[in-house]
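[1] what follows is a protein structure lacking sequence information:
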């Protein structure tokens, strides 16, 4: 034991004949930086030309010999046997993993005719940004995806240091990552977006390589749809917005154009044709070209912003805030909604979470887009024209997420379009409407002088 303690820090003598013969596979004892022997067995082994040294976690027991080529006491040898057994299992598993990786690589080479590219997890975010695209997504979306991929790479590195490349990731590893994401409090939509992003990574960077995300199911989307504003609510919002000259033109633009918050703020003069009466612009989210007529309310807003030289942003101050702090635009818009009586403080607190999840209890800036679509479709505007304004590529998206008529509006539109023999009101309905009309007239005309006669007449009609 004295010789053991006098050895310098680092590796002590090798334990097995395999190591003595140069095969570099065996259990070892180590000292710490303080010179004291460590209390657990370590192992060293070689695989694919690379040397690996790991802590087996098996406690060292008994009294060690002067050299690990010699025998120690019974307790020591038992602990050495346990450590060797654990090492054998680790090496077997490592070889199995390497063999499966080689098989996958051979399948890829057979399908594509080229070797598997080395894609380091640490470089995954940059590789994703560098993918060829028809149109680059918005900076905000790119930052969100890059942050997700960095968390993915960091998790894989912390969970298993041997996983450094994309081809080494397996389905159980992805499941564990998704569980940690759920622990952050993400919703179903964010969970599904992460799966969608990871699938895209494998399909674009390693096309033809077995995708470990392929069999992972998505969750049922619990997104709460926005509600459309009524015509009276829109008027209340515009009236309240006049108290804030900064946000008023953005809200008016959103109401008249159905454009998203960012597209309203970043609208450029080159996309505005005041003489022709149209806005023609590519949306930041999808890159689709949309065309929107300029109505009088919007023309008034644009003319107030119109400079002598029409270049740059239509709303430069709002564009600067959106690029620096998009939440500032959202905060001002919600402040207007509260002043208009659309939102209250309790509802506002429920729609804001620490994770900034994309959930909406009902009303926000995006509801202007829902309102535009709902009103247009309810009044019989053809779907193709609506999609030309909104930029949606499919009818399903419009009908599922944007066409949200309330029941009264739904009933009125259907009654106006359906045959009269189905929707015509009967005599009872007409008499009831007349009675209600008379009651309203009598109640509104009550004074101190005619109260007694009016009361008698009202009671008569109610009977």
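    That came through fine. Keep in mind that what you see is a predicted model, and the values were worked out from it rather than measured.
[2] the strands in the protein, which residues?
    Secondary structure of the chain (DSSP state E): strands at 26-28, 40-47, 50-59, 272-273, 278-282, 289-293.
[3] could I get those as CSV with distance to residue 158 and mean pLDDT?
    (C-beta placed from N, C-alpha, C; glycine too.) Converted to CSV, the strands of the chain look like this (distance: least, Cβ to Cβ, whole Å; pLDDT from 0 to 100):
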stretch, distance to residue 158, mean pLDDT
strand 26-28, 25, 86
strand 40-47, 21, 81
strand 50-59, 16, 81
strand 272-273, 51, 92
strand 278-282, 41, 91
strand 289-293, 44, 89
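[4] any chance of JSON lines for these, columns mean neighbour count and distance to residue 84?
    Formatted as JSON lines, those follow (neighbours: other Cβ atoms under 10 Å; distance: least, Cβ to Cβ, whole Å):
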{"stretch": "strand 26-28", "mean neighbour count": "22", "distance to residue 84": "5"}
{"stretch": "strand 40-47", "mean neighbour count": "19", "distance to residue 84": "8"}
{"stretch": "strand 50-59", "mean neighbour count": "13", "distance to residue 84": "9"}
{"stretch": "strand 272-273", "mean neighbour count": "16", "distance to residue 84": "77"}
{"stretch": "strand 278-282", "mean neighbour count": "17", "distance to residue 84": "66"}
{"stretch": "strand 289-293", "mean neighbour count": "16", "distance to residue 84": "69"}
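[5] so which of those gets nearest residue 449?
    strand 289-293 (53.8 Å; Cβ to Cβ).
[6] now the angle between strand 278-282 and that closest one, please.
    Put simply, strand 289-293 runs at 160 degrees to strand 278-282, going by axes from the mean of the first three to the mean of the last three Cα atoms, to 10 degrees.
[7] now stretch 150-168, how far from the centre of its chain.
    The chain centroid and the centroid of stretch 150-168 are separated by 21 Å under Cα atoms, centre = their mean, to the nearest Å.
[8] ends of it, how far apart?
    In stretch 150-168, first residue to last residue: 16 Å (Cα to Cα, to the nearest Å).
[9] buried set for it?
    Buried residues in stretch 150-168, counting neighbours by 16 or more other Cβ atoms under 10 Å, are found at 151, 152, 153, 155, 156, 163, 165, 166, 167, 168.
[10] looking at the strands of the chain, which is closest to residue 227?
    Nearest of the strands of the chain to residue 227, taken as Cβ to Cβ: strand 289-293 at 22.4 Å.
[11] and the closest one, what other elements does it pack with?
    Judged by 3 or more Cβ pairs under 8 Å, 6 or more residues apart in numbering; DSSP states H and E, the packing partners of strand 289-293 are strand 278-282, helix 383-390.
[12] closest to residue 68 out of these?
    Closest to residue 68 of the helices and strands packed on strand 289-293 is strand 278-282 (Cβ to Cβ; 70.5 Å).
[13] out of the helices and strands packed on strand 289-293, flag the one nearest residue 183.
    In terms of Cβ to Cβ, the element of the helices and strands packed on strand 289-293 nearest to residue 183 is helix 383-390, at 36.5 Å.
[14] residues near the closest residue to residue 182 other than its chain neighbours, how many?
    Closest residue in space to residue 182, ignoring its immediate chain neighbours: residue 191 at 6.7 Å, by Cβ to Cβ, 6 or more residues apart in numbering. Other residues near residue 191 come to 17 when the count uses other Cβ atoms under 10 Å.
[15] gap between residue 191 and residue 245?
    41 Å (Cβ to Cβ, to the nearest Å).
[16] what do you get for residue 76?
    In terms of Cβ to Cβ, residue 76 sits 83 Å off from residue 245.
[17] same question for residue 382.
    Computed as Cβ to Cβ, the residue 382 to residue 245 distance reads 37 Å.
[18] hmm, back to that, how about the strands of the chain in JSON lines, adding distance to residue 461?
    Output for the strands of the chain, formatted as JSON lines (distance: least, Cβ to Cβ, whole Å):
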{"stretch": "strand 26-28", "distance to residue 461": "100"}
{"stretch": "strand 40-47", "distance to residue 461": "94"}
{"stretch": "strand 50-59", "distance to residue 461": "89"}
{"stretch": "strand 272-273", "distance to residue 461": "57"}
{"stretch": "strand 278-282", "distance to residue 461": "53"}
{"stretch": "strand 289-293", "distance to residue 461": "48"}
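[19] residue 176: which of those is closest?
    The closest of those to residue 176 is strand 50-59. By Cβ to Cβ, the value is 20.1 Å.
[20] which residues touch that closest one?
    Residues outside strand 50-59 that contact it (Cβ atoms under 8 Å, 6 or more residues apart in numbering): 24, 27, 39-46, 79, 82-83, 86-87, 90, 94.
[21] make it 6 Å
    With Cβ atoms under 6 Å, 6 or more residues apart in numbering as the test, strand 50-59 has contacts from 40, 41, 42, 43, 44, 45, 82, 83, 86.
[22] of those, closest to residue 273?
    Closest to residue 273, out of all of the contacts of strand 50-59 and judged by Cβ to Cβ, is residue 45, at 71.5 Å.
[23] hang on, the closest one packs against residue 91?
    Yes - if you go by Cβ atoms under 6 Å, residue 45 and residue 91 touch, sitting 5.3 Å apart.
[24] find the nearest non-adjacent residue to residue 140, please.
    Using Cβ to Cβ, 6+ apart and skipping the chain neighbours, the partner closest in space to residue 140 is residue 326 (6.8 Å).
[25] distance check, the one you found against residue 251.
    For residue 326 relative to residue 251 (Cβ to Cβ), the value is 15 Å.
[26] the more surrounded of the two?
    residue 251 (26 against 14).
[27] contacts only, for the residue nearest to that one when sequence neighbours are not counted.
    Leaving aside its sequence neighbours, residue 251 sits nearest to residue 241 (Cβ to Cβ, 6+ apart; 4.7 Å). The contact partners of residue 241, by Cβ under 6 Å, 6+ apart, come to 248, 251, 336.
[28] go with 7 Å
    Counting by Cβ atoms under 7 Å, 6 or more residues apart in numbering, residue 241 touches 247, 248, 251, 336.
[29] and the pLDDT at it?
    If you check residue 241, the pLDDT there is 94.
[30] over to residue 86?
    At residue 86, the predicted lDDT confidence score is 85.
[31] how about it, nearest residue that isn't a chain neighbour?
    Leaving out its chain neighbours, the residue that sits closest to residue 86 by Cβ to Cβ, 6+ apart is residue 56, at 5.1 Å.
[32] would you mind measuring from the one you found to residue 46?
    Residue 56 sits 16 Å away from residue 46, taking Cβ to Cβ as the criterion.
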